[in-house]
Structure formats: C-alpha cells, structure tokens
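# build me a model from this:
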Amino acid sequence: LAASLKENLQRRLLHPGANTMQILDVYISAIKVLRAIDTTSENNKDGQQLLLLETVTDPIQKYLRARNDTVRCIITGLTDEKSGGELYEELRRHDATLLETGYESEDDEEPPDPNWRPLSTPHQQALAAVLISDSQKTVSSPLSTASEKNRQEDILAMLVGIYGSQELFVNEYRMMLADKLLANLDFDTDKEVHTLELLKLRFGETSLRQCEIMIKDIDDSKRIVSNIRSTVDLDKGVDADESMVVDAAIVSHIFWPPLLKDDMKVHPRIQTQLDRFGKEYANLKNPRKLIWLSQLGTVQIELDFVDDNDSVGGETARKNIRKKEFTCSPLQATLITHFEDKDCWTAADLSNETGVTEDIIKRKMGYWLNQRIVQCCDVFAHETAHGGSTVKYTLCSSADDNNNEDSAAGNMDGFLANDDGTTMMMEEEEYEDEAIKARNQEAEEMKVYESYIVGMLTNLGKLPLDRIHNMLKMFVSTSEHKYEKTPQQLSSFLEHLCKQDKLEFVDGMYKLVKVK
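Numbers count the residues shown, from 1 in each chain. Coordinates of the predicted model:
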C-alpha cells in the first residue's frame, strides 16, 4: 500500500504542472487519511511518526522543500480566508499549542541549570531507554498521551517541520504583512492584529515582535496624518485647492523588511505636495524628517477630458468636460502628469525627466495605453549610449476614443509587435510588479553579505557555492544580519554579482574580477 501510494503521488502530483497550493491540500488530506488507516500508533509511546505516514509523505516533503513559493503559499493559506481552506482553520484551532522552537544557539537570557549533567554514553542511554519502557508499561500518563496525540495531529507543526526552522515562515509573513499594510489606504489594521495574535500562539511573541511594531507604525501614521490635516485646515481654511492630498505610511525602517528604494524624480506638482506634507511633519515631530520612497505607494488621480463639440450654424464650440478616476502607481501618475505640460512625449524624454530606464517607462506607459488615455504615434531610432529605438506617445483625442477604437487597437497591436516583449509586459504588469518587489527585497537583504563574500574571495582566491554558503553560515551567525539563506538564494545573488562584473564564474568556482 505504501509503495503504491508513493508511486501514484510522485507520478500524478509531484510535477511542475501542479500548483503549490494544490500539492499542500493533497499533503494535508493525505496526513489525515493515513492517520485514520494506520494502526501502528496504538503502541507508539516514544513520539515517533507513523510508519505509513512517514513513508508516503516523505517525497512530498522533499518536493515542497525544493519549490521556491512553498513558504509563501503556507503563510497565504494561514492568513487568507478566501484561499486558505484547511490551513486557515488550522491556525484557529481551539487546542493550538506553541510550536517547538528547535535549537536556539544565541538565547543566553536564561540562567544556567545547576542540575546540568554531561551527555551519557550510548550504553547508558540504551539502559535508560529500557528502564523508561518498563515504567511506562506499569504507569501510563494520560497527560503525556494527550500531549503526544495533539502533537501528532498538528498539521502546522508538520508543515514547519518540512524546513526545520520557524525563521523562514516568520520572515515570509513579515514581507507579506508589509505588502498588505502599505496597500491599506484606510489605515485599518484590525484584521492584521487579529491574525498576528493567532500567529503568536503558534510561533511565539518574541519572533513576531517586529511585525507588532510594523502594525503600530501604521496606527501611528493614521494619527499623524489626521493631525497634519487638521493643522492645515485650521491654517488655510477649508479650501479644496489648499487641502492636504497626501497620506503617508511612516515606517520605522529598522523593523521593516527592505523596501524598494529606486530613485525617481516625481513631477514638480506632486513633489510640491510631498514637500508640504514633509514640512508639516517636521514641525510636528522636530527634529525628525521624512525620507520619501518615491516608487512605493498608490495614487488616486482624477483626469479631466475636454471634448470640443462644434454646434450647428457655426456658433462657438462648446467644451464638455468629462472626469474619470484612476488608481495607479506613483510612477504611472508622474508619467501622465507630464502630459499636462505638453501633449507629446518620447520614451527617452520621459526617461530623462523621471530618471527611470526606458524599458520601465514603456512598461508603465502600457497602463495608459490600455486605458485609451494615450496612444503610440511612432517608433524610431535614436542616439543613446547603447543604441536602440524609442517610441513617441501622445494624448488620445475624443475622436480617437469614441470613433476609432478599432483603429487605435490595431495601431497599438502593431506597435507592440515591433517592440519585443512589450505585449507580455502589459498583460502581466500587475503580477510582475509583485515579483519584482519580492526580488528587490531579497536583493536588499543579500547586499549585506556582499562584503563578506568579497573578503572571502580576496583572501582565498576562488571558492565553490557550497563553501561560500557554509562560511557565511559560520561567520555571520551572531551579527545583526544573521545569514539564513538557502543555497538557491545565494546562487541567484552570486549570479547577480557576476552580471555586475564584480565576480566571475569559471569551472564551478567563483572569483573576483581582476581590475585592469
């Protein structure tokens, strides 16, 4: 039975076509079913896993451990009611207990045990096991039996046991919590507080202390924004043109995951509003000041469209103003605001104005192309340091919007066909932004270890991946930035350094690039 189940799971489930969340659902169901049909646990008094369960699910555990998104899917299932299913209910068990913390090498707060004794020899351990077994035959502890049964039925403990460490799950939750809090425009943290309290019951309060501070930052931001708005309204009066239009999530960067810090020059009109908010904050929290992360956030923008309708008899044209609201990123808002200055821009000019590469400009302008706000006029070669071509954008007229939608779609399709890969970028922009964000956070975390890697290669010449990984675990174990990355994450970072011409990879060995 075990061999048959194992073979079927490997053939039908453990392949790239299966979604990670589906594999987790099957894994959880398999645990429940195998516990019901496996009777070896009746005489299992020493805490060993069920034989059939361990045999069948071991390949699933190894396969899940190799997938990059397993931890994220587990945390999503625990915290998201819509996609969580059984995992969502697992976190809310009434008999939930604290997960085993494993080995805490740097926990020196507890006083030494005066009754500590050295480890016994194998012969002594075997003799002690026989004595304990004999005593259990005569005296059975209902409390220990119930505790053991509860541990074996803990699905979350088995999922965490796939990796053997809670740290990966806590860090992943921090990243997901940061995304949720920064996307929360209403500063409402009730749901996140409830979820955090449930996670504390399983992972402990100490490991989630940073998450608690993150939520507190958002609550403090709500109060600060309210105070600044009240101050501005009292000073300027209730005037739509003078009212504060900026909300800010003010974070304590030490406790948050690394955030996207790419520089971007916002439009002067937007920068004026940011400076105004920053000045009010400086007055309120002197001597503190704000450092804006320009590419993070959400902009709710209202655009006015003017339609010129010529009246009958040659009378003066009437202007009908249509208003339409959009929710977009700060970069997309900056790009469309530049069209208020002039109707036609090239991707190269927008790149110079914003300080962002042309590739990103083209991808972000895809949003306004899809919304029929702008259209592509031309694709032409231009002189740059690396050669290539640029595109020209212009505002759509009302005639283009109402009468020539098919023609505009045809022109857009032709443009996208000429620009390699742009179609895919436009269709998958929302998902790509999230992936880019996760990759940037990981890259920021890995930058801390760059100096260690350079030092190793300077002293030792060249090293393989495994040696670098083991040395980082050894030398960066007690510092503020403890190294707990996987070999796959380290490999990606080393590849990134190779692309930057800082390292080179030859015959399975990494070494520094020699400066000529």
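
# and the longest helix for this structure?
The helix that spans the most residues within the chain, counting by DSSP state H, is helix 209-236.

# now do the helix or strand just after that helix against helix 209-236, angle only.
With elements assigned by DSSP states H and E, the helix or strand that comes after helix 209-236 is helix 268-284. With axes from the mean of the first three to the mean of the last three CA atoms, to 10 degrees defining the directions, helix 268-284 sits at 100 degrees from helix 209-236.

# roughly how far is the longest helix of the chain from the heart of the chain?
24 Å (CA atoms, centre = their mean, to the nearest Å).

# how about that helix: buried residues?
Within helix 209-236, the residues that count as buried by 16 or more other CB atoms under 10 Å are 210-211, 214-215, 217-218, 221-222, 224-225, 228-229, 232. (Glycine included, C-beta is placed from N, CA and C.)

# for it, give the mean pLDDT please.
Across helix 209-236, pLDDT averages out at 88.

# so where's the stretch 201-350 of the chain shaky on pLDDT?
Applying pLDDT under 70 to the stretch 201-350 of the chain flags residues 236-242, 307-319.

# rewinding a little: just give me the closest of the buried residues of helix 209-236 to D501.
Top of the list for closeness to D501, among the buried residues of helix 209-236 and by CB to CB, is Q210 at 35.3 Å.

# quick one, what contacts that closest one?
R174, F255, W256 (CB atoms under 8 Å, 6 or more residues apart in numbering).

# can you tell me how far it sits from V448?
The gap separating Q210 from V448 is 16 Å, by CB to CB, to the nearest Å.

# with L369 instead?
39 Å.

# low-confidence ranges in the stretch 351-500 of the chain?
The stretch 351-500 of the chain contains residues with pLDDT under 70 at 378-389, 398-445, 478-481.

# circling back to that earlier point, show me just the buried residues among the contacts of Q210.
Applying 16+ other CB under 10 Å to these flags R174, W256 as buried.

# make CSV out of the contacts of Q210 and add distance to S29.
Listed next are the contacts of Q210 as CSV, based on distance: CB to CB, whole Å:
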residue, distance to S29
R174, 29
F255, 38
W256, 37
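
# and the contacts of Q210, which is closest to S477?
When the contacts of Q210 are compared for distance to S477 (CB to CB), R174 wins out at 20.3 Å.

# gap between the helix or strand the closest one falls within and the chain center?
Secondary structure assignment for R174, by DSSP H and E: helix 167-183. In terms of CA atoms, centre = their mean, the centre of helix 167-183 is set 7 Å apart from its chain centre.

# mind checking what helix or strand follows that helix in sequence?
Heading C-terminal from helix 167-183 (DSSP H and E), you reach helix 190-203.

# who are the packing partners of that following helix?
Judged by 3 or more CB pairs under 8 Å, 6 or more residues apart in numbering; DSSP states H and E, helix 190-203 is in contact with helix 86-91, helix 167-183, helix 209-236.

# before we move on, which element is S165 in?
Using DSSP H and E, no helix or strand contains S165.

# next, count neighbours for it.
The number of residues packed around S165, counting by other CB atoms under 10 Å, is 15.
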